[in-house]
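In: next come a sequence and a model predicted from it.
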Amino acid sequence: MENQSLCYMGTSVVSGTATAIVKFTGSRTYFGSMALELSKQRPQNAFQLGVRRISWIFFLTMLCIVPPIFLLQGFLHPGDGWYEAALFALAAAVGLTPEMLPMIVSSTLARGAYLMSKKKCIVKNLDSIINLGGMDVLCTDKTGTLTENRVSLLLHLDCRNRTSILPIQLAYLNSHFQTGLSNLLDKAVINYIQKTTSNHRSRRKPTLLSGFTKRDEIPFDFVRRRMSVLLQTDTDQNILITKGAVDEMLANCNYFYTGEDRQLDSSDRTIQLARQKLIPFDGILTQPLNEPMKLSLLNLNNELNERGLRVLAVAYKVFSTPPDNLQTSDESELIFAGFIAGDSAIVCQKICQNIQLSVPSNGIVTSLDLDGASDSRISELARTGTIFAKLTPLEKSKIVRALKADDHVVGFLGDGINDANALIEADIGLSVDNGTDIARDSADIILLEKDLRVVADGVIYGRQTYGNTLIFMSPGHGDFIKFWEFIFSTHCICLVSIHTNTTDSIVDSEFAL
């Protein structure tokens with residue numbers, strides 16, 4: 001996915017022209033391979049595998065008990081004949097079968113689904129309740145699941161880590177006039193300006209926009225990792241405003257802005273944002289951006305990342321004669337204006353710290369670590385990893401498959417298109433009601449609220465349902481009255497399944513004999 005010379009099927013082209021050679025079509029494309037994986041038969045989950053194992057236990061028990069019964073009946077009662085002995089042995093085999101088990105399982109699962117609906121969970125597959133109770137590993141998507149899927153702008157700083165108006169003004173002009181795909185941080189910048197200026201007495205269109213006309217733009221791409229707009233003022237001055245990733249921006253900046261905004265309180269800052277334009281066109285308040293200053297800016301960026309903030313750099317360039325056709329080569333010799341703070345592995349690590357999830361030194365796994373890795377290596381990374389960053393949809397399903405191969409009952413919580421493969425591969429797939437259509441279709445349980453406490457409640461109900469099922473598989477609790485009594489109880493005694501099944505088989509065998 002990191003190959004810069006490939007354009008994948010399903011890509012949205014915002015602008016520009018290109019000549020391409022079609023390499024693969026249909027199911028041979030990466031997009032097609034995802035669809036092919038989704039169309040395959042869903043793998044058996046932990047509950048289905050458990051039912052299969054129990055069925056084999058009953059079958060093997062019958063194979064061990066029925067022949068001796070057949071021989072004993074035939075030798076001890078020769079007058080009845082071997083035909084009667086065979087019928088008796090078959091009757092004993094039928095006696096070993098828990099006839100009430102299908103009704104017990106269906107009723108307890110239906111009761112569990114009803115109780116979970118009160119906790120705002122929609123159960124699509126009944127057997128997912130028992131899987132939820134037996135789940136010991138939960139893989140969850142971060143964006144939109146652990147987080148609110150929105151960015152709130154908190155800081156706008158100059159090169160010396162001081163609050164500055166210029167970076168947010170430039171970022172607002174860039175976000176407002178660009179016509180490409182806007183990201184969450186673009187929306188955060190626009191909402192911040194609109195909210196701040198609306199708190200002022202004037203609720204009209206921010207004065208900052210007046211006097212600017214867009215001449216050209218270069219949309220964002222994942223190679224440059226920045227976007228630029230070329231604006232012209234009503235005084236025929238031309239300015240290029242660029243916003244993007246810090247490393248790539250610093251590589252194209254030769255100067256930095258040294259103007260000092262005085263310390264402003266909230267009301268002063270509102271008036272500044274609403275009325276005053278601080279954009280310097282004379283180039284006087286700038287200094288050359290040397291290596292020590294670049295290192296200082298990179299350190300400041302890392303400090304903000306460690307606080308759980310996403311950081312973008314903002315720069316500008318004044319043209320005496322604007323270019324007729326804006327090129328990427330014009331994004332050079334920029335003047336670094338500052339930072340705006342509002343997703344990286346470090347941000348995810350901060351979230352893990354907030355929820356008290358320990359991350360070891362080797363606990364961060366990226367797509368590069370999984371590229372070309374063998375099954376044993378993927379299994380090792382799945383065991384040691386806590387954070388999995390920038391994974392493709394197929395790589396997510398590989399991680400889930402590796403965890404299942406290590407005898408884990410794996411749950412996956414996600415809401416995006418890229419989570420569909422992992423939702424199908426997991427023993428229990430969970431999504432949210434505002435997730436994408438394919439995520440909801442692939443999930444076993446739909447959460448009506450983005451709250452992990454709902455999942456915790458579901459685990460409790462799943463274990464209660466599992467315990468109720470096991471109770472009625474044991475002798476002495478199989479009568480009809482006890483069955484309904486335990487179905488509607490809120491507490492249960494969980495027994496070990498192999499112990500329950502073995503005891504039930506032995507006692508039923510004694511009755512048959």
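Out: Right, received. Where do you want to start? The structure presented is a predicted model; accordingly, all values stated were derived computationally and were not measured.

In: any low-confidence regions in the stretch 1-150 of the chain?
Out: 1-4, 14-16, 34-35, 37-39, 41, 95-100, 142-150 (pLDDT under 70).

In: what ranges do the strands span in it?
Out: Taking DSSP state E, counting those that start in this stretch as the test, the strands found in the stretch 1-150 of the chain are 121-123, 137-140.

In: which helix in this structure runs the most residues?
Out: helix 46-76 (DSSP state H).

In: and that one, what does it pack onto?
Out: For helix 46-76, the elements it packs on are helix 81-95, helix 128-134, helix 497-512, judged by 3 or more CB pairs under 8 Å, 6 or more residues apart in numbering; DSSP states H and E. The C-beta positions use only the backbone N, C-alpha and C, and glycine is treated the same way.

In: got TSV for the strands of the stretch 1-150 of the chain, with distance to Glu84 and mean neighbour count too?
Out: Formatted as TSV, the strands of the stretch 1-150 of the chain follow (distance: least, CB to CB, whole Å; neighbours: other CB atoms under 10 Å):
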stretch	distance to Glu84	mean neighbour count
strand 121-123	48	20
strand 137-140	54	16
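
In: relative to Ser33, which of those strands is closest?
Out: strand 137-140 (21.2 Å; CB to CB).

In: partner strands of the closest one and their direction?
Out: For strand 137-140, the paired strands and their directions (DSSP bridges) are strand 410-413 (parallel).

In: quick one: mean pLDDT over the partner strand.
Out: Per-residue pLDDT over strand 410-413 has a mean of 91.

In: kindly report the same for stretch 170-185.
Out: Here the average pLDDT along stretch 170-185 is 83.

In: any idea how far the residue positioned nearest the centre of the chain is from Asn362?
Out: Most central in the chain under CA atoms, centre = their mean is Asp141, positioned 1.7 Å from the mean C-alpha point. Distance from Asp141 to Asn362, counting by CB to CB, to the nearest Å: 22 Å.

In: just Thr235 next, same as before
Out: Thr235 is 57 Å from Asn362, by CB to CB.

In: higher neighbour count, those two?
Out: Applying other CB atoms under 10 Å to Thr235 and Asn362 shows that Asn362 carries more neighbours, namely 11 against 7.

In: you'd agree the more buried one is up against Ile387?
Out: No - taking contacts as CB atoms under 8 Å, Asn362 lies outside contact range of Ile387: 10.7 Å.

In: please, where are all the strands along the stretch 351-500 of the chain?
Out: Under DSSP E, counting those that start in this stretch, the stretch 351-500 of the chain gives strands at 364-366, 387-389, 410-413, 428-432, 445-447.

In: buried residues in the last one, which are they?
Out: Burial within strand 445-447, assessed by neighbour count using 16 or more other CB atoms under 10 Å, is assigned to 445-447.

In: mind jotting down where the helices sit in the stretch 151-300 of the chain?
Out: 165-177, 184-198, 246-250, 266-275, 291-306 (DSSP state H, counting those that start in this stretch).

In: which one in this structure is furthest away from the centre?
Out: Distance to the chain centre peaks in the chain at Gly79, reaching 71.0 Å (criterion: CA atoms, centre = their mean).

In: against Gln73, how distant is that one?
Out: Distance from Gly79 to Gln73, by CB to CB: 11 Å.

In: what about Gly308, which SS state?
Out: coil (DSSP: H, G, I helix; E, B strand; the rest coil).

In: read off the pLDDT value for it.
Out: According to the model, Gly308 scores 70 on pLDDT.

In: gap between the closest residue to Asp234 other than its chain neighbours and Ile104?
Out: Leaving aside its chain neighbours, Asp234 sits nearest to Gly211 (4.4 Å; criterion: CB to CB, 6 or more residues apart in numbering). Distance from Gly211 to Ile104, counting by CB to CB: 76 Å.

In: who's more crowded, those two?
Out: Taking other CB under 10 Å, Gly211 and Ile104 do not tie; Ile104 has more neighbours (21 against 13).

In: circling back to that earlier point, list the contacts for the residue nearest to the centre of the chain?
Out: Neighbour list for Asp141: 413-416, 419 [criterion: CB atoms under 8 Å, 6 or more residues apart in numbering].

In: try Ala337
Out: Ala337 touches 158, 164, 166-167, 170, 256-257, 314-316, counting by CB under 8 Å, 6+ apart.

In: I'd guessed Leu240 sits against Ser329; true?
Out: No - judged on CB under 8 Å, Leu240 makes no contact with Ser329 at a distance of 11.8 Å.

In: so for these two, which residue has more residues nearby?
Out: For Leu240 versus Ser329, neighbours defined as other CB under 10 Å are more numerous around Leu240 (25 against 7).

In: can you give me the pLDDT of the closest residue to Arg215 other than its chain neighbours?
Out: Excluding the flanking residues, the one nearest Arg215 by CB to CB, 6+ apart is Leu230, at 4.6 Å. Leu230 is assigned a pLDDT of 93 by the prediction.
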